[in-house]
Structure formats: C-alpha cells, structure tokens
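Asks: here is a sequence together with a model predicted from it:
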Protein chains: 2
Amino acid sequence: MSRSPEWRQDPLTERLVLISPERAERPMKSAGVCPFCEGHESETPPEVLAYREPGSTPNGPGWRVRVVPNRFAAVRLDAGTDWHGSVGTDFQSVQHELDAKDRLEVCPHGSAPGIGVAEVFIECPYHEMTFCNLSREQMADVFRAWRDRLRFWHDDGRVAFVQIFRNEGSAAGASLDHCHSQLIGIPFVPHSVVEEVNHLATLRGFAGYCPLCRWVESGRNDERFVLESSRFAAFGPPAPRFPGETWLMPKFHIHAFDALGDDKLLEMADVVRDLLARIDQVFDAPAFNLVMKLPPFPLNDAYHWRLEILPRVTRIAGWELGTGIFINTMFPEDAAKLLRDAR
Amino acid sequence: MSRSPEWRQDPLTERLVLISPERAERPMKSAGVCPFCEGHESETPPEVLAYREPGSTPNGPGWRVRVVPNRFAAVRLDAGTDWHGSVGTDFQSVQHELDAKDRLEVCPHGSAPGIGVAEVFIECPYHEMTFCNLSREQMADVFRAWRDRLRFWHDDGRVAFVQIFRNEGSAAGASLDHCHSQLIGIPFVPHSVVEEVNHLATLRGFAGYCPLCRWVESGRNDERFVLESSRFAAFGPPAPRFPGETWLMPKFHIHAFDALGDDKLLEMADVVRDLLARIDQVFDAPAFNLVMKLPPFPLNDAYHWRLEILPRVTRIAGWELGTGIFINTMFPEDAAKLLRDAR
C-alpha cells in the first residue's frame, strides 16, 4: 500500500502539484491479459457506469462502454479531510493563510490530503482498436459516458472541478494500449481555470456577448477555421501550443458539457472523427491529447465549453519549463489550411 | 526563408506562445557531419564567444567551449520593432490595451514580432561526450560561458529577460546529439517570472530576510536535503513537478548568476556532476532538463538564483495540459533520501 496522495504547494512559485506514488505502480503496458478487455471485467474495480446489451449483467461481458474507478488513482475520496497542513520549511512562517472553505481557489499552502476521484472510461470492448477508428456510434457513446459521469459528480457535490482527458501515444502520456479516457475530479478549482473563467466573465461583461459564440459565428471568415457541422465548429486557436492544435466548440451557447443533449452526440462524434483523421494525415499519426475545457461546478453558467485536440508534434523542453511559454513551429493559419485541405 | 517568428497571445486564456517556423527546420539528429564538432567551425554562424588555446584563431579549431548564434533561432533581434498588432479575431475588439513600453510584463494582445536572441553553447569539441561525463574543468567552462553571455546581454540592453536551459535526451526535447545548452533572450519578462519575483519580494518584505538564504541554512535539517559543498546546496523542492527534481542554490546571497565569481565555478561543477551522477543512478539515466532560474535584468537585486534539474521520468499528459497542475509519482522527501544514499 502506497503512502496516500498529497497536494503540495511551492511557497516560492505558488505552484501546486499532486504527489501520488500509487500512480507509479500502474503497468506501463498491458503485458499478457488486458484488464480492460471484454471477459476480464473482474480484474477492474466494479463498474460505476456501463452501456450494455439487454440481458447482460453488470461487471460481465456485453457492454459497449464501461466506466470504472481508476485502480491506480492519482487522488482518492478517502485520502483525508484536513485541508490544512505544513511541510515544515521555514517558508511556512511567512505564508499568509488561505480560507480552505473557498472552494473556488483552494491552493493549500504546504500540503493537503490528495482528495479527489479518478475514473477510467473503457471506450470499447476490443483490445485492437484505436480511438480514431471507433465507429461514430461507439465514439458518441464515449462522449455520452463523459457527460453522464460529469452529471453524476456535479450532483454528488464532493468535487468542485472535473477534468476529462485522453492520452493517445506514449509521447502524450498514455500508459496502456487499450482505448481509454480518464476523469479526475478535485475539491477545488485549478488556478488557471479560475483565471480563464474570470477573464471570460470580464470579456462578456465588457462586450455584452459571449466571445466564443461570436467566434464560432465567424466560421469560414476566420483564417484559422478548420471545419464545421450544423451545430459544431473547429478552429485553430489564436495562440496554439502545438502544431495543429484545434479547438472544437458548440455553435450554440452552452456553458457546460453535462447539459449537452443526446441528439448532439452523434454529430459531435462525426466532427471529432473527421478532425482526428485530418490530423493523422497532416501530422503523420501523432501522439495527441484530448482535453475537455469545462467550467467548475460552482460557476457553471459563465462558460462555453470546448474540446481541445493537442497533437504532441513538438516537445516540452527546458525553455517551456523555465518560462511557461510554449514554442510552436507552425502558424495556426498555416495549420488550419493544411487541415482544411486534408482528405 | 521561413516567415518571421511572432509572439501570439490567446485572448481567452491570456496564454502567450512563440510561433517560430524556422525552429522546425533544424535537423532532428546530426546525420553525417556534425557542425558542432571541432574542425567544422565554418558550418555554424561565427562564434560570439570561445575559450581557446593560446595561438588558435576565432572560428577555427583549438577551443574548449564555443558560443554561436542559433542557426534555427526561435526568435530574432531583427524580427521587427512593432510591439502592437492584431490577429483579426473578434476577441480583439473587447481587449484592453497594454502599455508596450512596460517591459516588465509585456504580453502583447494579438501578435507581435518574435524579437529576441537565441544562442547555442557548444559544450565540448568532441561528439562522443555527454554533459554528465564532462570533466570538472570543462563543465566549469560551460557555466563560465553561461555567465559571460548573461553579462553580455545584461550590458547590451536589448533584452529584458534571458532563459538559459539544457535539454538532455529526446524526451526532454533534445534535437541534436552533440553536447550543447541554449540561451534565449526576450524583450519582456514572462508572466510566471514576474509573479515569482513579486511573490519573493513580498515574502522578503514580510519576513525581513531572504527565504532562500534561510532555506539553504537549514541544510541537513531539511528532509529534502540532497547534498552541499562549502558554497552550494541542493534540495528537493517542496512541490516538485517530476520525481527527483532537484534545486541547486548558492548558500550565500547572490541575486543574479552573472555576478558569480570565477572562484565558484569549479565548485559548482563538482556539485552538479555529483548530482547528475546520483540522478543517473537512481532514475536509470533519465532524459532531463537543466533550467537556470534567473531574475529579469530590470529587477536584478530581488532574487536568489537557482539551477533546477528536472528528470523527465514522468510525462506531461492531458491532465497537466488541462489544469496546469503536474502529477508527480514520488514524494520529494523519498526522492531526496534515494539521492542522498546513492553512489
């Protein structure tokens, strides 16, 4: 049994990190039998959600998408309750205290128990499948599962923020072959998310409209436009971190992904499949991350969600780690043109 | 000839990135003849600094360390002079203007020319050499070159901030085999650096002393202590991003690296060689970054420099890119004990 996870904050840089030794115990590649394959349901923790064939039983075969608690979780709901602590350096004596009850920006100085929840979305029953090759129905089920677990944790009330993400390829941090995505929910809102939400609220107040709604309206007039469907649009962002970075947004105003209706899931899957096929072609099947940008639960109506696709074509090196500024080797206008012209 | 580099800022997240197509043209591995090897000096831009044997001539053989402009520079001093611009999205119309003359935190909204300077430190004349295996004299010459170029750019006045860094191994972003480190100087100070400098000034004002001086005094009493010499000490930081992350600091108060005296360079090399050998042993010769944390030129006296050693044992994945929070699989106290006990 590993030591319980902890949030730690650097007193000098105010950087927050999560220390989670359990995470190191996860198998880096599924050697031999894969616990995510159909027929091996007993090798994962019991499922918390599954879309199943009629007549199949929970934790047995017959599912399309299955969600289970992460056995090698970075955070745990039972990691503790005490949000205050100290790591015993002399820095502490000159630190100001933060209100631990303010869940919008709890950055506990020193350390705090690694409270949170971590779940795995097993995206299909078969081992030899990649996300890009999922059928449109299967991918729509994955998005439906993301949405349904988001709704669950929203209602549950024990976490303030949920990050849904997907790592494809080892350069993007993937540790298992079998097609899966992840959810981590934490009891506070990351500083960068607070800043973005506040900034968006300021822009909205100043302009009198949602800047993202206005952006998707621009459509093909934006030189970073990639593609659109009737209710979704994809653009290169103004300041991408990676070549080919693409943001997918709903064209209608909807603050949170958990409010997305069933009728939109297949259309979203069509757009994502199209985008990933183009990225595969232009950037030679790169490793990539999918990052759902979602509002924190307490601020649900001040946002317009998006899905970020981040091809890991370039590396994060000493410059980026020192300055926090990414160097990207391709202008987003050039990348968007390549992606528009692909296929 | 590639399009000139540009700084771009995202209007929503306020994230600044550098777009530099020229960077993509650099060779990913030195195939055939290496331009950094002794005898091939004509294949690099003319040297701006070299430590040479008596009687040798500039841009010929006979050097120990050689500094040249980066042929595949991410930034250029001649990239332009106009700090204001626009990227034509509707976001711009709701943006507030920033004072471009405030060099402490110029984050040009929209875009700006990719002004800056990029240099390469060729750390030894021989191709088959790694940084860890440099002699103490050779490594001291590398640090001396870092310091001397830092002095040069400080005096020059055209850049406000210099980042010196080193990428070892492809997972850490290295693109060439031949032993080298890099310097990038830019005409503004990165947001994260401004925040850290301001925060440190607040802590100092509150406490009446430099928190880093107090930290190094604690020495072996700190459970994250790794090793020390008479004038340097190394610790795991309170909130490391990677397993085995180690910070080397001078034990005496010195704000900027460019003020470091010649008499300290060999001792610093001894400590760094010792640290890297321990990290190699404990983490199985990982890819790593070296990141010099230096004050911006205009704020030179409000800092206490450090060298960060970042073993790239874990990957930056979707969670980190979404939240800005690193997950680390090892407690710094455990890593420090392993490093103390190594060798």
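Replies: Alright, I've got the coordinates.
Asks: list the contacts for the closest residue to A:L212 other than its chain neighbours?
Replies: Computed as C-beta to C-beta, 6 or more residues apart in numbering or on different chains, the closest residue to A:L212 that is not its neighbour in sequence is A:H304, at 3.9 Å. C-beta coordinates here come from the backbone N, C-alpha and C atoms, glycine included. By C-beta atoms under 8 Å, 6 or more residues apart in numbering or on different chains, the contact set of A:H304 is A:200, A:210, A:212-213, A:249-250, A:253-255.
Asks: am I right that A:L275 falls within a helix?
Replies: Yes: applying DSSP: H, G, I helix; E, B strand; the rest coil, one finds A:L275 inside a helix.
Asks: neighbours around it, how many?
Replies: 22 (other C-beta atoms under 10 Å in any protein chain shown).
Asks: contact partners for the closest residue in space to A:E228 that isn't next to it in sequence?
Replies: The shortest distance from A:E228 to any non-neighbouring residue, by C-beta to C-beta, 6+ apart, is to A:G219 (6.1 Å). Contact analysis of A:G219 by C-beta under 8 Å, 6+ apart lists A:225, A:228, A:233.
Asks: what about the helix or strand hosting A:E267 and chain B, touching?
Replies: Assigned by DSSP states H and E, A:E267 belongs to helix A:265-283. No: applying C-beta under 8 Å from any C-beta of the partner chain, one finds helix A:265-283 separated from chain B by no less than 11.8 Å.
Asks: so A:S111 is in contact with A:E6, correct?
Replies: Yes: counting by C-beta atoms under 8 Å, A:S111 touches A:E6, with 4.9 Å between them.
Asks: quick check, distance from stretch A:40-59 to the centre of its chain.
Replies: When distances are taken as C-alpha atoms, centre = their mean, to the nearest Å, stretch A:40-59 is centred 23 Å away from the chain's centroid.
Asks: repeat for stretch A:276-294
Replies: Relative to the chain's own centre, stretch A:276-294 is displaced by 14 Å; criterion: C-alpha atoms, centre = their mean.
Asks: okay, and A:W146 sits in which element?
Replies: helix A:136-156.
Asks: after that helix, next one along is what?
Replies: strand A:161-168.
Asks: what pairs with that following strand, and is each one parallel or antiparallel?
Replies: Strands that pair with strand A:161-168, judged by DSSP bridges, come out as strand A:180-186 (antiparallel), strand A:288-293 (antiparallel).
Asks: downstream of the longest one, the next helix or strand is which one?
Replies: Right, strand A:180-186. helix A:191-207.
Asks: so for whichever helix or strand comes after that next one, mean pLDDT?
Replies: Following helix A:191-207 in sequence order, the next helix or strand is helix A:211-218 (DSSP H and E). If you average the pLDDT over helix A:211-218, you get 92.
Asks: before we move on, back to that, got the angle between the helix holding A:E267 and helix A:136-156?
Replies: Orientation check (axes from the mean of the first three to the mean of the last three C-alpha atoms, to 10 degrees): helix A:265-283 against helix A:136-156 gives 110 degrees.
Asks: quick check: buried residues in helix A:265-283?
Replies: A:265, A:267-269, A:271-276, A:278-280, A:282-283 (16 or more other C-beta atoms under 10 Å in any protein chain shown).
Asks: ok, the helix holding A:W146 near chain B or not?
Replies: No: Helix A:136-156 stays out of contact with chain B when judged by C-beta under 8 Å from any C-beta, the minimum separation being 12.6 Å.
Asks: ok, and what's touching that helix?
Replies: By C-beta under 8 Å, 6+ apart, helix A:136-156 touches A:48-49, A:51, A:64-65, A:67, A:117, A:119, A:121, A:123-124, A:131, A:134, A:159, A:162, A:164, A:181, A:183, A:185, A:256-258, A:260, A:262, A:265-266, A:268-270, A:272-273, A:292, A:294, A:297, A:300.
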